[in-house]
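Student: Below: sequence and its predicted model.
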Amino acid sequence: MLRTLENQDKLHWKDFVKPLVHKCTRSEVTGFTPYELMFGRQPRLSVDLAFGLPVKKEQQKSHSQYVKNLKSHLEESYKIATSSAAKVAEKNKTRFDKHVTPSALDIGDRVLVRNVRICVKHKLADKWEPTVHVAVRKTGDLPVYTVKPETGEGPWRTLIRDLLLPCGFLPVATEEWA
């Protein structure tokens, strides 16, 4: 959330930590509020005082007993939160993987290269460079390919698969010999 601050506010990021830590909404992923994971208890809010909600009275304990109980409670909370987050992550991965289609390229496949030279998002800018490239090499088991322009004019480039779009359906450019 600190990353979303304006640049001039990022210089004083410490001023924005307290409201973020004091967030009292229970996370669906961890099952705990950020405040509870940090301080080991639910916060006492202004609204609690306004409605006269009772303060949970605990019998007085020694300082060392309080610290021991707090440490134990925080450790248990972290274990539960970590376990819950791992379950949610696995469920999200399974859901994501259902829609992923593997798409390896073969050597010689014709591809377009994503236009990454656009500095800002522009609705009308071409997403793909106009030059058709050919895959000439694959790097081991990685989804990394070396491509060269189909016409032979231009540098060879090594790119990750996400930046390549198979385009075997496009007509082959023929050079006219004079």
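Tutor: That came through, no problem. Remember, predicted model here, so these are calculated numbers, not experimental data.
Student: For the protein, just list every one of the strands.
Tutor: Using DSSP state E, the strands found in the chain span residues 110-114, 128-138, 144-149, 157-160, 164-166.
Student: closest to residue 27 out of those?
Tutor: strand 157-160 (32.6 Å; Cβ to Cβ). The way it works is simple: take the backbone N, C-alpha and C, and place the C-beta from them, glycine included.
Student: roughly how far apart are the most centrally placed residue in the chain and residue 32?
Tutor: Centroid check for the chain by Cα atoms, centre = their mean gives residue 89 as the closest residue, at 11.8 Å. Taking Cβ to Cβ, to the nearest Å as the criterion, residue 89 is separated from residue 32 by 16 Å.
Student: What ranges does this structure have for its helices?
Tutor: Under the criterion DSSP state H, the chain carries helices at the ranges 7-10, 17-21, 34-39, 46-50, 63-98.
Student: Can you lay out these as JSON lines showing distance to residue 161?
Tutor: Shown next, in JSON lines, are the helices of the chain (distance: least, Cβ to Cβ, whole Å):
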{"stretch": "helix 7-10", "distance to residue 161": "34"}
{"stretch": "helix 17-21", "distance to residue 161": "37"}
{"stretch": "helix 34-39", "distance to residue 161": "37"}
{"stretch": "helix 46-50", "distance to residue 161": "52"}
{"stretch": "helix 63-98", "distance to residue 161": "16"}
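Student: Can you tell me which of those is packed in deepest?
Tutor: Stretch with highest mean neighbour count among these: helix 34-39 (a mean of 16; mean count of other Cβ atoms under 10 Å).
Student: And it, what does it pack against?
Tutor: helix 17-21, helix 63-98 (3 or more Cβ pairs under 8 Å, 6 or more residues apart in numbering; DSSP states H and E).
Student: Output those helices as a markdown table; include the columns mean pLDDT and distance to residue 136.
Tutor: What follows is the helices and strands packed on helix 34-39, written out as a markdown table (pLDDT from 0 to 100; distance: least, Cβ to Cβ, whole Å):
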| stretch | mean pLDDT | distance to residue 136 |
| --- | --- | --- |
| helix 17-21 | 73 | 49 |
| helix 63-98 | 92 | 30 |
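Student: Distance to residue 46 added to those helices, as TSV?
Tutor: Putting those into TSV (distance: least, Cβ to Cβ, whole Å) gives the following:
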stretch	distance to residue 46
helix 17-21	14
helix 63-98	24
